[in-house]
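Enquirer: Got a predicted structure plus its sequence, pasted below:
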Amino acid sequence: MSRPTLIILLAILAGLGVLCALGTWQVKRLYWKEALLATIDERIATQPRPLGEIVAIQQGGGDIEYMPVRLKGHFLHEHEQHFFATHKGASGWYVYTPLELSDGTGVVFVNRGFVPYDRKEAATRAGGQVAGEVEITGLARAAPGEKPSSVVPDNDPAKNVYYWKDLSNMTAQSGFKMSAEVVQLFVDADDAPNPDGLPVGGVTMIDLPNNHLQYAVTWFGLALALLGVGGRFLYARIVNERKTARS
């Protein structure tokens, strides 16, 4: 086997290794996503727990994502924060409003739901700024410790524009002390209608996309294609080299 042919063989083997590794990774992601979806389905079917129970689970190192929760308090609408989002194909904002808990244990940021892009200012939807004590049911969501990806834009807290759920900055912009006053999680409110229809609650993404099987089939299919095409090419090249050596 000539040196150029050997280099081609090594390149094909390297390509096969990469493609098979990508396919294997997608299979692992498939199992992970299926387990996650099963966990979500199981949790959202349970009865809402008091916020204190959810906090205790979190403080004990447990996973509180998507656990149904109930809480009472007064919304502090003047401190609401705005997360850029889309809902049913429309651009707009998720309204994160601090709720001062009735039991005096602190403040929790509640994702009240979606408002259209041009209804960001509370004055444009005054009817939905409910006063007095309210009881909220929804889903507990963990607060990320950092930006989830480099492709996500940086938040602009000074303009009250968030692209990822930065509890630390939301807290600072609202004038609260992180450790003493703010519960270290979010609550996504359910779809109970608000006065005048805004914000639109129940925006938690439950039906997460799961395309990992398709991706795995694609990578493994490419590996088979490379094996077939590369194998035929190498065979023809080696046969030709032997014929040349005999002549």
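Expert: That came through, no problem.
Enquirer: I'd like the distance between Asn169 and Tyr117.
Expert: To Tyr117, Asn169 is 21 Å away according to Cβ to Cβ, to the nearest Å. To be clear about C-beta, it is placed using only N, CA and C from the backbone, and glycine gets the same treatment.
Enquirer: Look at these two and report which has more neighbours.
Expert: Asn169 (16 against 12; other Cβ atoms under 10 Å).
Enquirer: Give the closest residue to the more buried one in space, chain neighbours not counted.
Expert: Pro157 (4.4 Å; Cβ to Cβ, 6 or more residues apart in numbering).
Enquirer: ok, that neighbour touching Gln173?
Expert: Yes - using Cβ atoms under 8 Å, Pro157 makes contact with Gln173 at a distance of 5.0 Å.
Enquirer: Check which helices and strands the helix ranked longest in the chain sits against.
Expert: Across the chain, the longest stretch assigned as helix under DSSP state H is helix 3-44. Secondary-structure packing of helix 3-44 (3 or more Cβ pairs under 8 Å, 6 or more residues apart in numbering; DSSP states H and E): helix 212-246.
Enquirer: Show me how the record splits this protein into domains.
Expert: As assigned by automatic domain parsing, the chain contains the domains 3-36+210-246, 67-197.
Enquirer: Pipe those domains into CSV and attach mean pLDDT per row.
Expert: Below are these laid out as CSV (pLDDT from 0 to 100):
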stretch, mean pLDDT
domain 3-36+210-246, 88
domain 67-197, 93
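Enquirer: need those in a markdown table with distance to Val203, can you?
Expert: Output for the domains of the chain, formatted as a markdown table (distance: least, Cβ to Cβ, whole Å):
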| stretch | distance to Val203 |
| --- | --- |
| domain 3-36+210-246 | 19 |
| domain 67-197 | 5 |
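Enquirer: Look at Val183 and say how many residues are nearby.
Expert: 23.
Enquirer: That one and Trp219: what is the separation?
Expert: 42 Å.
Enquirer: Likewise for Thr97?
Expert: The value you get for Thr97 to Trp219, if Cβ to Cβ is used, is 44 Å.
Enquirer: try Ala85
Expert: 32 Å.
Enquirer: now do Val203
Expert: 33 Å.
Enquirer: One more: Gly138?
Expert: With Cβ to Cβ as the criterion, Gly138 and Trp219 are 38 Å apart.
Enquirer: Comparing the two, which shows the higher neighbour count?
Expert: More crowded of Gly138 and Trp219, by other Cβ under 10 Å: Gly138, with 25 against 19.
Enquirer: so what strands line up beside the strand or helix carrying that one?
Expert: Using DSSP states H and E, Gly138 sits within strand 133-142. In the sheet, strand 133-142 lines up against strand 68-75 (antiparallel), strand 182-189 (antiparallel) (DSSP bridges).
Enquirer: out of those strands, which comes closest to Gly89?
Expert: strand 182-189 (19.8 Å; Cβ to Cβ).
Enquirer: Who are the contact partners of Gln26?
Expert: Residues near Gln26 by Cβ atoms under 8 Å, 6 or more residues apart in numbering: 212-213, 215-216, 219.
Enquirer: For ChimeraX, write the select line for the buried members of these.
Expert: Here is the ChimeraX command that picks out the buried ones among those, judged by 16 or more other Cβ atoms under 10 Å:
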select :212,215,216,219
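Enquirer: So which of the contacts of Gln26 is the closest to Lys33?
Expert: For the contacts of Gln26, the nearest to Lys33 is His212 (5.8 Å; Cβ to Cβ).
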